[in-house]
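1. From the sequence below, what's the structure:
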Amino acid sequence: MATHGNLPAPDQGLVLTHFLTVRDVATSRRFYADIFGGEVVLEENPAIVKVANSWIIMNPGGGPTPDKPGVTLVPPEDGDTVSSFLNVRVADIAAFHADAVAKGAEFLTEPLDRKAELRCYLRDPDGYLIEVGQATGMLQGIFADRPTAHDH
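-> Numbers count the residues shown, from 1 in each chain. Have a look, this model is predicted:
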């Protein structure tokens, strides 16, 4: 599927992008370009960073617009309560983790073995949670244990 000038604009069908409401466009744009090896395809209004086979789109928050009446966009305010997160799959989590840490990324934990995968989490400059995972056991049909009532 071709796109126009590396922008998320398909010639046919659709592409999936992820929009983030950010406090500082330049800081967030730099984070996604540096940590994930992204290509800045638009500096701002909105900022667009192509990361692998997807795009991260970033803009400051704001009030309602004609196409989203009654909706106000704000960046996360409480980093411990999350309703969605970016999920990044990598071929070599040890190499990704070491490279990201060297570039200043701060992870919640080291990569942990979850049976189906190795995974860890980090936060972007606005506090958005990002999971980084490498498929391991799931490739052989081994999956994580189902969560218990107190385990989310």
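2. Would you map out the domains in the chain?
-> Using automatic domain parsing, the domain ranges for the chain come out as 1-73, 76-152.
3. want to try CSV for these, with mean pLDDT and mean neighbour count as columns?
-> Placement of C-beta: from N, CA and C, glycine included. Listed next are these as CSV, based on pLDDT from 0 to 100; neighbours: other CB atoms under 10 Å:
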stretch, mean pLDDT, mean neighbour count
domain 1-73, 93, 15
domain 76-152, 92, 14
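4. Specify the local secondary structure of Ala98.
-> When classified by DSSP: H, G, I helix; E, B strand; the rest coil, Ala98 comes out as helix.
5. actually Thr81, not the one I wrote
-> coil.
6. measure Leu118 to Ile142 for me?
-> 13 Å (CB to CB, to the nearest Å).
7. right, and His18 touches Ile56 too?
-> Yes. Assessed by CB atoms under 8 Å, His18 is found in contact with Ile56 at 5.5 Å.
8. Helices of the chain, start to end?
-> 25-35, 93-102 (DSSP state H).
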